[in-house]
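Peer 1: Next comes the sequence, and after it the predicted model I'd like to discuss.
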Amino acid sequence: MGDMLDIRYIREHAKEVQTKSEQKGYSVDVSSLLKLDDERRVVSQELEEQQRVKKEHARELGKEGGKPSDDALAKGRDVKVKIAALEEKLKTIDEQFLPALKKIPNMPLDFVPVGASEDENVIAKTVGEPTKFDFAPKNHWQIGEARGMIDKERAAKIAGSRFAYVKGNLVRLQIALVHWAIDVLTDAPTLQRIIDENKLKVSAKPFVPVLPPAVIRTEAYEATGRLNAEEQTYKLADDDLWLNASAEHSMAPMYMNEILPEAELPIRYVAYATSFRREAGTYGKDMEGIFRLHQFDKLEMEAFTTPETGLDEHKLQVAIQEYLMQQLGLPYEFVQKCTADIGKPNAAGVDLNAWFPGQGRYRETHTADYMTDFQSRDLKIRVRRQDGRTDLVHTADATAFAMSRILKALMENNQTAEGRIRVPEVLRP
């Protein structure tokens, strides 16, 4: 059914929900949704009452024993008819109510800048100086093609445009990046240092590496709020399955319909997956090189937390992204995404944009998303508290490395005049 906001929250904050939905670029009608909600509650109460009458009637018949009287039979029939009519009425209301509720996006947190497009994202800070060379720097595809590490022509012959054969030392570099990032994310002392430096109130519990399924059933995908069928997701023709468009898409629904003990949280994963995107609507954009391909490999963080630690978990994921970039020596911008750019399920979002000297500009290499309980409401993922009550978990996901993008940033920032690539120290082992 797609993820959604709590209807009780919408009732209590109708004006704010209307305003913040518009700030995100969603045209919604909160007042007509609440009218449907009122009708729905009245009918539900009537239905509950008639179901109670039916049970009571059955109990009385049971007490009397023998053959029920005509009056008793008539009363039973009457209740059944009323229940059927109310169920039908409720179904009709739900056919309008649920799609209207589903249209409401998650509420942006108060610190998220208000903006109508990505042009109004806020560059919160810039780390490192753009790399300088005493020669004219090449872009990654010139370096890769000259050294036989990227072959898009032959890939186009086999698979069409936006595919590539990546070869030789570039493959070794990718495997080294995966290996190193997993080492960082599974090392509690390193995580503790990052937590202390950023004054966060979360545990240093290591991430668990995962190789997730590459395909997702419609029901699970829709519940994550990430199924973007028109623009990005490939559907398998003969099955109720979609190809993963990013590793977190098959990680978020992992605990669908489960209740997790509080002692197990946070649950942290770092998932490696080959992902697929149709990239509709980007015709002519980034056609050169390997920036925007239909197939790419991604190492992605996914966390399930208690509501009170969710925001700090998001901040930890961003701090890990910064740590990885700084260790690789890549200059970058830290971007606080505005209301219109964070996406429907997000309460907040951050991008890191690396400097690409061959293109003379910053380009997005990392993104981090904080969903609060928006995903878990429809996925029905809850936490059982120590006192026995249950709450919805909070979810957060973030790029560790989008492989082709980070390879390109390394190629362009670490090139030599001869067109070779210096390997960052952390990757040399």
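Peer 2: Great, that's in hand. Residues are numbered from 1 along each chain as shown.

Peer 1: Tell me, how many residues neighbour the closest residue to Gly329 other than its chain neighbours?
Peer 2: Closest residue to Gly329 apart from its sequence neighbours, by CB to CB, 6 or more residues apart in numbering: Pro424 at 5.8 Å. In this view, the C-beta of every residue, glycine as well, is placed from N, C-alpha and C. Counted with other CB atoms under 10 Å, the neighbours of Pro424 add up to 18.

Peer 1: Pro424 contacts Leu328, doesn't it?
Peer 2: Yes. Using CB atoms under 8 Å, Pro424 makes contact with Leu328 at a distance of 4.9 Å.

Peer 1: between those two, what contacts are shared?
Peer 2: Residues touching both Pro424 and Leu328 (CB atoms under 8 Å, 6 or more residues apart in numbering): Leu410.

Peer 1: Tell me the buried residues in the lowest-mean-pLDDT helix or strand in the chain?
Peer 2: The helix or strand of the chain with the lowest confidence, counting by mean pLDDT, DSSP states H and E, is helix 218-224 at a mean of 85. Within helix 218-224, the residues that count as buried by 16 or more other CB atoms under 10 Å are 220-224.

Peer 1: And stretch 70-79, by the same measure?
Peer 2: 75-76, 79.

Peer 1: Give me the contact list for stretch 251-266.
Peer 2: Applying CB under 8 Å, 6+ apart, the contact partners of stretch 251-266 are 202-203, 205, 210, 212, 216, 220-221, 223-224, 226, 267, 269, 271, 300, 302-306, 309, 313, 375, 379-386, 390, 393, 395, 397.

Peer 1: Phe207: how many residues sit nearby?
Peer 2: Neighbour number of Phe207 under other CB under 10 Å is 24.

Peer 1: That one and Phe111, how far apart?
Peer 2: Separation of Phe207 from Phe111 (CB to CB, to the nearest Å): 26 Å.

Peer 1: Kindly report the same for Asp71.
Peer 2: According to CB to CB, Asp71 and Phe111 sit 66 Å apart.

Peer 1: Flag the shaky bits of the chain, pLDDT-wise.
Peer 2: Along the chain, the parts satisfying pLDDT under 70 run over 1-3, 66, 229-231, 280-291.

Peer 1: Identify the residues contacting Val423.
Peer 2: Here Val423 is in contact with 173, 176, 414 (CB under 8 Å, 6+ apart).

Peer 1: Please identify the helix or strand for the closest residue to the first one other than its chain neighbours.
Peer 2: If the residues on either side of it in the chain are set aside, Leu173 comes closest to Leu407, at 6.2 Å by CB to CB, 6+ apart. Assigned by DSSP states H and E, Leu407 belongs to helix 403-413.

Peer 1: ok, and what's touching stretch 39-57?
Peer 2: Counting by CB under 8 Å, 6+ apart, 72, 75-76, 79-80, 82-83, 86-87, 89-90, 93-94, 97 sit against stretch 39-57.

Peer 1: okay if I get those as TSV plus secondary structure and distance to Arg292?
Peer 2: Below are the contacts of stretch 39-57 laid out as TSV (DSSP: H, G, I helix; E, B strand; the rest coil; distance: CB to CB, whole Å):
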residue	secondary structure	distance to Arg292
Ala72	helix	72
Lys75	helix	68
Gly76	helix	65
Val79	helix	62
Lys80	helix	60
Lys82	helix	59
Ile83	helix	55
Leu86	helix	53
Glu87	helix	49
Lys89	helix	49
Leu90	helix	46
Ile93	helix	44
Asp94	helix	40
Phe97	helix	39
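
Peer 1: hang on, the earlier thing: can you tell me which residues contact the residue nearest to Gly329?
Peer 2: Contact analysis of Pro424 by CB under 8 Å, 6+ apart lists 327-329, 410, 414.

Peer 1: Which member of these is positioned nearest Asp134?
Peer 2: Asp134 has its nearest neighbour among the contacts of Pro424 in Asn414, at 14.8 Å by CB to CB.

Peer 1: Contact partners for that closest one?
Peer 2: Neighbouring residues of Asn414 by CB under 8 Å, 6+ apart: 421-424.

Peer 1: Helices of the stretch 1-150 of the chain, start to end?
Peer 2: Using DSSP state H, counting those that start in this stretch, the helices of the stretch 1-150 of the chain run over 7-12, 14-23, 30-64, 70-103, 140-146.

Peer 1: go on, the stretch 201-350 of the chain?
Peer 2: Under the criterion DSSP H, counting those that start in this stretch, helices of the stretch 201-350 of the chain are mapped to 218-224, 247-251, 310-328.

Peer 1: Export the ones you listed to a markdown table and append columns for distance to Asp183.
Peer 2: Putting the helices of the stretch 201-350 of the chain into a markdown table (distance: least, CB to CB, whole Å) gives the following:
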| stretch | distance to Asp183 |
| --- | --- |
| helix 218-224 | 29 |
| helix 247-251 | 18 |
| helix 310-328 | 11 |
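
Peer 1: Nearest to Leu236, out of those helices?
Peer 2: Nearest of the helices of the stretch 201-350 of the chain (CB to CB): helix 218-224, 10.8 Å.

Peer 1: list the helices and strands that closest one packs on?
Peer 2: Applying 3 or more CB pairs under 8 Å, 6 or more residues apart in numbering; DSSP states H and E, one finds that helix 218-224 makes contact with helix 247-251, helix 374-379.

Peer 1: repeat that for 7 Å
Peer 2: Packed against helix 218-224 by the contact rule (3 or more CB pairs under 7 Å, 6 or more residues apart in numbering; DSSP states H and E) you find helix 374-379.

Peer 1: Figure out how far the helix it packs on is from the centre of its chain.
Peer 2: 11 Å (CA atoms, centre = their mean, to the nearest Å).

Peer 1: Check which residues of whichever helix or strand comes after it are buried.
Peer 2: Going down the chain from helix 374-379, the next helix or strand is strand 382-384, by DSSP H and E. Judged by neighbour count (16+ other CB under 10 Å), strand 382-384 contains these buried residues: 382-383.

Peer 1: picking up where we left off before, and the residue nearest to Leu173, what is it in contact with?
Peer 2: Counting by CB atoms under 7 Å, 6 or more residues apart in numbering, Leu407 touches 170, 173-174.
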